[in-house]
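Visitor: Here's my sequence, what's the structure:
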Amino acid sequence: MPESASPPTRRVIEVMELLTRSDRALTASEIAAALSLARATITAVLTELTDAGWVHRDRDRRFGPGPALAALSTADPEIPNAAVRAELRALAEAAQCGVTLSRITDGRLTVVAKEYALGARIVPGLAVGQSIPLAYPAGAAVMPWRGESERSAWLATATGPARRSAPALLRFVTTHGCAVFRPDSDDAGLVDVLAELLGAVGAEVVQPELRARVLRQLARLTARPYREADLASAEPLPVSYLSAPVFDSSAAPYEVQIGPLRSAVSHSDRAQYVETIRKGAEAISLAT
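Guide: All right, here's what the predicted structure looks like:
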């Protein structure tokens, strides 16, 4: 990179770029380490940005994009408003795990917001703003409310045994208001193993090849949607993720997802997760 004509300005740009790419709020120390800058320098930059509203500091002294930055994009439907973000944070705390909000349109899934409960396990995945082609089972929570052609195109992306079970997944979503997923293996411990391995990679995966490998492993965690009989079982079962539709005046443009990432979840706890994401999705719908 050529030498900057204004190093102080370049530092501000680098801080804002890092915060807007990050899946979570970062501490001053994490920002300093990521940018190879002195902690005192980063603290000074963050103080000015926070005072101006470009950066927000939470109660844990972590920093993320602030309201002034969001105000520049109020006309962009991809940017959740303050009320939606508040409901996402509330859902993260209620579920005690990470929460992701994605917009599903034109055959693609785009992450528009992420929140984490305090102390929740952070597993890397798509960063805010990143997009992937939509394919089964991603987007299952919104498909019952989409048109026949879009739903048929989505069902056609299912392969192997999933092709036969995909319609049952849509019926499950219609009945329960959400989808519940487990890993592709009958080994319940796979949830813990993959979560630990992915967590060790770090929340920010920038290298394209490594990110592709991470996403393939994450797909293993949502490979098997629960059926009606599975969810009714009295036995503890693994639960990777749950997803639910978020509505506005035009059907269900968003899907919200929570990631408990637990290898053994009791019948009552499974029911609680279902109730939690349903209530959270309803609150987010009202806030859109």
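Visitor: residues in contact with the helix or strand Thr9 falls within?
Guide: For Thr9, the element it lies in under DSSP states H and E is helix 7-21. For helix 7-21, contacts defined as CB atoms under 8 Å, 6 or more residues apart in numbering pick out 4, 25-26, 31, 34-35, 37, 41-42, 45-46, 48-49, 54-55, 63-65, 69, 127-129, 204. (Glycine included, C-beta is placed from N, CA and C.)
Visitor: mind running it again at 10 Å?
Guide: With CB atoms under 10 Å, 6 or more residues apart in numbering as the test, helix 7-21 has contacts from 1, 3-4, 6, 25-26, 28, 30-32, 34-37, 41-42, 44-46, 48-49, 54-56, 63-66, 69, 127-130, 204, 206.
Visitor: Following the chain onward from that helix, which element is next?
Guide: Following helix 7-21 in sequence, per DSSP H and E, is helix 28-35.
Visitor: what's the following helix or strand after that next one?
Guide: helix 39-52.
Visitor: Extract the C-alpha set from that next one and format it as CSV.
Guide: Extracted C-alpha coordinates of helix 39-52, given in CSV (Å, rounded to 0.1, in the frame of the first residue of the first chain):
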residue,chain,number,x,y,z
ARG,A,39,-3.6,1.2,22.1
ALA,A,40,-3.3,4.9,22.9
THR,A,41,-3.7,5.8,19.3
ILE,A,42,-6.8,3.6,18.9
THR,A,43,-8.3,5.0,22.1
ALA,A,44,-8.0,8.5,20.9
VAL,A,45,-9.6,7.7,17.5
LEU,A,46,-12.4,5.8,19.2
THR,A,47,-13.1,8.6,21.6
GLU,A,48,-13.6,11.1,18.8
LEU,A,49,-15.7,8.7,16.7
THR,A,50,-17.9,7.9,19.7
ASP,A,51,-18.4,11.5,20.5
ALA,A,52,-19.5,12.1,16.9
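Visitor: So in that sheet, which strands flank whichever helix or strand comes after it, and in what orientation?
Guide: The C-terminal neighbour of helix 39-52 among helices and strands, as given by DSSP H and E, is strand 55-57. If you go by DSSP bridges, strand 55-57 pairs up with strand 63-65 (antiparallel).
Visitor: who touches the partner strand?
Guide: Applying CB under 10 Å, 6+ apart, the contact partners of strand 63-65 are 15-16, 18-20, 22, 24-28, 30-31, 42, 46, 49-50, 54-58, 79, 85, 114-115, 128.
Visitor: Got a PyMOL select line for the buried ones in those residues?
Guide: The PyMOL command for the buried members of the contacts of strand 63-65 (criterion: 16 or more other CB atoms under 10 Å) is given here:
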select buried, resi 15+16+18+19+22+24+25+26+27+28+30+31+42+46+49+54+55+56+57+79+85+114+115+128
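Visitor: Having no further points to raise, I will conclude here.
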